Structures are given as structure tokens and as C-alpha cells.
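Undergrad: here is the input, now give the coordinates:
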Amino acid sequence: MSQSLRSRTVSGMVWVGIQRFGSVLIAFLSNIVLARMLTPDDYGYVGMLLIFIAVASTFIDGGLGSALIQKTKPTEKDYSTVFYWNLALSLVLYGVLFACAPLIARFYQMPLLCSILRLQGVILIINATTIVQFNKLRKQMQFKKIAVIQIVSALISVTVAIGYAWNGGGVWALVWQQIVYSLVNVLLLFIVVPWKPEMSFSKESFRSLFGFGSFILLSNLINTFANNLNGLIVGKFFSASTLGYLTQAQKLENVASSSIAAAVEQVTYPLLVEVKNDYSRMTQILRMFNNALLSIVMPAMYLIMILAKSLIVFLFTDKWLPSAPILQILCFQGIFICLGVTSYNVIVAIGESKALFNWTLIKRITGIIMLIGGMIFWGFKGVLVGMIMTSMTVWLCNSWLAGKYIGYKLGRQILDMVPVWLIASIPFACCWVAKSYDILENKEYVYAMLYVFVYIVAILIIPHKIIKELRSNLKNIINKRR
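TA: Next up is the predicted model:
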């Protein structure tokens, strides 16, 4: 890798990290404010419609954005073709949503959803106009500009939403937050990338780009549908407030798990691509990141589980207290989501995209069966268990597939993680038992501090090879920073 490309990659990773953590922080802080002014039903209404907006958005991109990046030298004809295709498709899909809005509202037996979906669906058309500009910046590795645009858009949209909620806007505050974000994002992208489409649509360009993008489209559609299915199920068979509690719990759990997973994804992918022909080094990297992730994510999730009730009441007030037990259960999902990231990147780095798609189909169908089966047998708790089992299935499939290609078998991966798992889990189990018997009179923060102290001491003193590697890597990071 040339020095110029290396420096651009490092700079890009830094700015992607700033954008992701900045966006998460803004979303987290704004959610604290909005949750105090809105009701669980308000969040539930938006959550019910999420699957329709998400699937339509996936259709609009259609993998053509990725195809533009993958193509060595895309022409202006390519860019214009993608622009007109996305715009036309967005108009068609918005028309479909507009026409189907009454049916969707009737499906949920909530008339208000018709008006919400018809307004919220406008973001499909707005976002369709920016795919070319956004992917131009990505192709040029202009991640600083992307970060600034998205953070500014988030700040302005949050300000509007809080103002709307303050004046009694209710669920419409959440709807306008999305619309304003898209509008500001469009405006800034057109300012930063002053591109105009040509008055032409090339069938040859479309066939070429879609030939690559169609495979990505199918994978993305499967993932998008599976990831949002729980909202449709809970909204239909339970209540808007139940979905609101679930949505709030997911947002809080995602602050830790999704942020860490996103950062790891950005770091591991270029690193694995660089050594993709050396399976021995890939194995070392996978083992190192598996254990490093487990040593960070598992304690973080356990802490959230211990402090769940206190966190919910402190951040969102007592009206959101039913989110606490949901949050505790979903923390297990966060652990598996983070562990699956590195294995996924191994498969992509060595170019086994077809196998990845086949297994995406298998693991997502399995996940849907577990989700529906859980609901049938155990109700809402079964849905939560199904979500955990789905994330665990995805992790196991990714790990098995990665191990198959690089020779680092799934059983060996699990055995290598056992020491860290035990060090993190045994102190948590002790704290949880003590908390269950209310030994310290429900002082959750004391249990949390005790858990952190015991865990850190165990990591520092236990003489196991894997633990020594973790300590060594931590020392190297500290020394480099110095």
C-alpha cells in the first residue's frame, strides 16, 4: 500500500469514526430530551412503519451506489443513469406507499398511520437525489466532508424535532426530524458536490452497473427485512406502547454495541484486505479482535444489565420503566452482534461474496422462523428471545464460514474466547445473584462498581495466554499514544 493511500485510509477511518460516534452521541442526547416530552405510543407509531420505509429505501439504492464505487472509472453517463433511475424508482415507490397507506393503517388498526406514512415517505424522493453525490465523496475517500454534512444535518434536525415536541407536536416531531435531516443533507451535498446530471439515460450503463449491484441488492433486502421484522410483529400483535418500549431499549443498547461494531468494522476490513492472501495472519487478527471485542463488549453489556432500571429512570423518567427488563434481555443480542463483525469482514476480504449471500439467506430465514416461533409460544418475551437467537445464529454462521476458508475452525474460536468469557461472566453472575437477593438494598451503582473492580483485577492477574495477549495489546496501544 502506497504512503498516500495509507494516509488517506487512516484519515478516512478517523473521520468515519468521528461521524459515527458523533451521530450516535447526538441521537443519544436528543433521544433523552425527546423521550421526556413524547410517549411510548409516539415511538411505537414510527417503529411500525420503519420496515416499509427501510425496504423501500433499499430498493431505491438497488446496489447501484456500491456499483459506482466498485467501477474503476465511472463516466458521467453512468452517474446520470443512476440518478434518473433512483429518482424514477423513488417516485414509483412513494406512489405505492401513498396508495397502500390506508391498507397498512388498517393492518395495524390505527388510522393515524395513514397520514404519518404519506408524509414520512417523502424522504424516499429526497434521499434518491443524493446517492450520486454521496458515492462520489465515498469513492474519492472524502470522509471528512461526509462526516461534517451528516453531523450538521443531525444537529439541525434534532433542534427542529425538540422544538416541535416542545409545542405538543407528538409523533410528528419524530417524522419531521427525519424529513429535515434528509432536506439538510441534500442541500449540503449539492453545495459540497456541485454535480448536475446529463440529459441522458444509458441502458448499457444500467445493465453493467445493475449486473454488479443486483447481488448486493438481494443481500441488503434480506438483511433489511429481517432486521426490521420485529417492529412489524410487535406493532401488529401487541401494542404501540410495547413497540415504543422496545424501540427505546434498542436505542440504548445500540449506543454501546452498534458504536463498537461500526468502529471495529472500519478498522478490521482494510487490515484484513491487506493480508487476505496470508491465512495465518488473518487467523491471528481474527483471534485478537474476537478476544479484544469480548473483553470490552461483554463487560459493557453486563454493566448496562446491572444498571438498567436506574439508567432508564435517570435518562427517560419513570414512564419508560417497562423498557428496563427489555434492555436487560437485549444486551445479550449486543454481544453477538459485535462478535459477528470481524468474521463477516474476513469473508468479504477474501472475496467469497457468493457464499456470504447464500449463508445470509440461510441465517436470515432461520432467524425469521425463530422470531415467529418465539412469539407463538412465549408472546412478547419469545420475540426478544428470538432476536437474541437470531443474532447468535448470525455470529455462529459468520464464524463458521470464516473458519472454513482460513482454517480457524469455529470450535477453536470458541475455545479461545472461553477465558475472557469466564472472567467477564463469573463476577457478573455473583453480582446478579446478590442483586436478586437485594443484599445491598437495591443500590445498583454499588453492584456496578464492584463488578468493574473485580473484572479489572482478574484481567490484570490471571496468567492465561489469551489474557497475556490482551494485556500486551493494551500496553502497545498505550505506548503508541505516549
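
Undergrad: thought I104 was touching P111?
TA: No: the criterion here is Cβ atoms under 8 Å, and I104 misses it with P111 at 10.8 Å. C-beta coordinates here come from the backbone N, C-alpha and C atoms, glycine included.

Undergrad: so the two - more neighbours on which side?
TA: I104 (18 against 10; other Cβ atoms under 10 Å).

Undergrad: got a list of what the more buried one touches?
TA: Taking Cβ atoms under 8 Å, 6 or more residues apart in numbering, we find I104 in contact with 49, 52, 113-114, 117.

Undergrad: which phi and psi does it have?
TA: Note on I104: backbone dihedrals following degrees, to the nearest 10 are phi -70, psi -40.

Undergrad: T366 in helix, strand or coil?
TA: Of the three states, T366 takes helix under DSSP: H, G, I helix; E, B strand; the rest coil.

Undergrad: quick one on the thing from earlier: ok, the contacts of I104 vs Y445, which is closest?
TA: L49 (37.8 Å; Cβ to Cβ).

Undergrad: neighbours of that closest one, just the number please.
TA: L49 has 24 neighbours, counted by other Cβ under 10 Å.

Undergrad: swap in L50?
TA: Neighbour count for L50, taken as other Cβ under 10 Å: 19.

Undergrad: for I388, same thing?
TA: Around I388 there are 19 residues (other Cβ under 10 Å).

Undergrad: now do the contacts for it.
TA: Neighbours of I388 in contact, by Cβ under 8 Å, 6+ apart: 329-330, 332-333, 336.

Undergrad: let's see it at 10 Å
TA: 329-336, 370, 374 (Cβ atoms under 10 Å, 6 or more residues apart in numbering).

Undergrad: which of these lies closest to I459?
TA: If you rank the contacts of I388 by distance to I459 using Cβ to Cβ, I335 comes first, at 17.2 Å.

Undergrad: which SSE is the closest one in?
TA: Assigned by DSSP states H and E, I335 belongs to helix 323-349.

Undergrad: what of R287?
TA: Applying DSSP H and E, one finds R287 within helix 279-316.

Undergrad: can you pull the buried residues of that helix?
TA: Residues 279, 282-283, 285-309, 311-312, 315-316 are the ones in helix 279-316 that count as buried (16 or more other Cβ atoms under 10 Å).

Undergrad: point out where the protein drops to low pLDDT.
TA: Within the chain, the stretches with pLDDT under 70 are 1-21, 61-72, 138-143, 202, 206, 208-216, 262-271, 353, 439-442, 463-482.

Undergrad: most centrally placed residue in it?
TA: With distances taken as Cα atoms, centre = their mean, S258 lies nearest the centre of the chain, 5.2 Å away.

Undergrad: quick one: contacts for that one?
TA: S258 neighbours (Cβ under 10 Å, 6+ apart): 20, 24, 250-251, 334, 337-338.

Undergrad: closest to M392 among those residues?
TA: Of all the contacts of S258, M392 sits closest to I337, with 9.6 Å by Cβ to Cβ.

Undergrad: which of the helices or strands spans the residue nearest to G170 when sequence neighbours are not counted?
TA: Nearest residue to G170, sequence neighbours excluded (Cβ to Cβ, 6 or more residues apart in numbering): D42, at 5.5 Å. Assigned by DSSP H and E, D42 falls within helix 40-61.

Undergrad: phi, psi of G407?
TA: With angles defined as degrees, to the nearest 10, G407 sits at phi 80, psi 10.

Undergrad: and L232, how many residues sit next to it?
TA: By other Cβ under 10 Å, 20 other residues sit near L232.

Undergrad: residues touching it, list them.
TA: Counting by Cβ under 10 Å, 6+ apart, L232 touches 47-52, 104, 107-108, 225, 243.

Undergrad: now these: which count as buried?
TA: The neighbour count (16+ other Cβ under 10 Å) marks 47-52, 104, 108, 225, 243 as buried among these.

Undergrad: on that earlier part again, surely the residue nearest to G170 is in contact with W172?
TA: Yes: here D42 reaches W172: they are 8.8 Å apart, a contact under Cβ atoms under 10 Å.

Undergrad: so which of those two has more stuff around it?
TA: Neighbour totals were compared for D42 and W172, and D42 leads with 24 against 18 (other Cβ under 10 Å).

Undergrad: tell me the spacing between that one and I51.
TA: Using Cβ to Cβ, to the nearest Å, we find D42 at a distance of 18 Å from I51.

Undergrad: repeat for V457
TA: 45 Å.

Undergrad: so who does the closest residue to L38 other than its chain neighbours touch?
TA: Leaving aside its sequence neighbours, L38 sits nearest to A165 (Cβ to Cβ, 6+ apart; 5.8 Å). Listed by Cβ under 10 Å, 6+ apart, the contact set of A165 reads 30, 33-38, 42, 171-174, 176-177.

Undergrad: what strand or helix carries A165?
TA: Assigned by DSSP H and E, A165 belongs to helix 143-166.

Undergrad: that helix vs helix 40-61, what angle?
TA: Angle, helix 143-166 to helix 40-61, by axes from the mean of the first three to the mean of the last three Cα atoms, to 10 degrees: 150 degrees.

Undergrad: for the next helix or strand after helix 143-166, which positions count as buried?
TA: Per DSSP H and E, the first helix or strand lying C-terminal to helix 143-166 is helix 171-192. The neighbour-count check on helix 171-192 (16+ other Cβ under 10 Å) flags 171-186, 188-189, 192 as buried.

Undergrad: now helix 171-192 against helix 143-166, angle please.
TA: Per the same axes, to 10 degrees, the angle that helix 171-192 makes with helix 143-166 is 150 degrees.

Undergrad: C-alpha coordinates for helix 171-192, CSV please?
TA: Provided in CSV are the C-alpha atoms of helix 171-192 (Å, rounded to 0.1, in the frame of the first residue of the first chain):
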residue,chain,number,x,y,z
VAL,A,171,-45.3,11.8,16.9
TRP,A,172,-45.0,14.4,14.2
ALA,A,173,-41.8,15.6,15.9
LEU,A,174,-40.1,12.3,15.1
VAL,A,175,-41.5,12.4,11.5
TRP,A,176,-40.2,15.9,10.8
GLN,A,177,-36.9,15.1,12.4
GLN,A,178,-36.3,12.5,9.6
ILE,A,179,-37.6,14.9,6.8
VAL,A,180,-35.5,17.8,8.0
TYR,A,181,-32.4,15.6,8.2
SER,A,182,-32.9,14.5,4.6
LEU,A,183,-33.5,18.0,3.3
VAL,A,184,-30.4,19.5,5.0
ASN,A,185,-28.4,16.5,3.9
VAL,A,186,-29.5,17.1,0.3
LEU,A,187,-28.8,20.8,0.4
LEU,A,188,-25.3,20.4,1.8
LEU,A,189,-24.4,17.6,-0.6
PHE,A,190,-25.4,19.7,-3.6
ILE,A,191,-23.3,22.6,-2.2
VAL,A,192,-20.2,20.4,-1.5
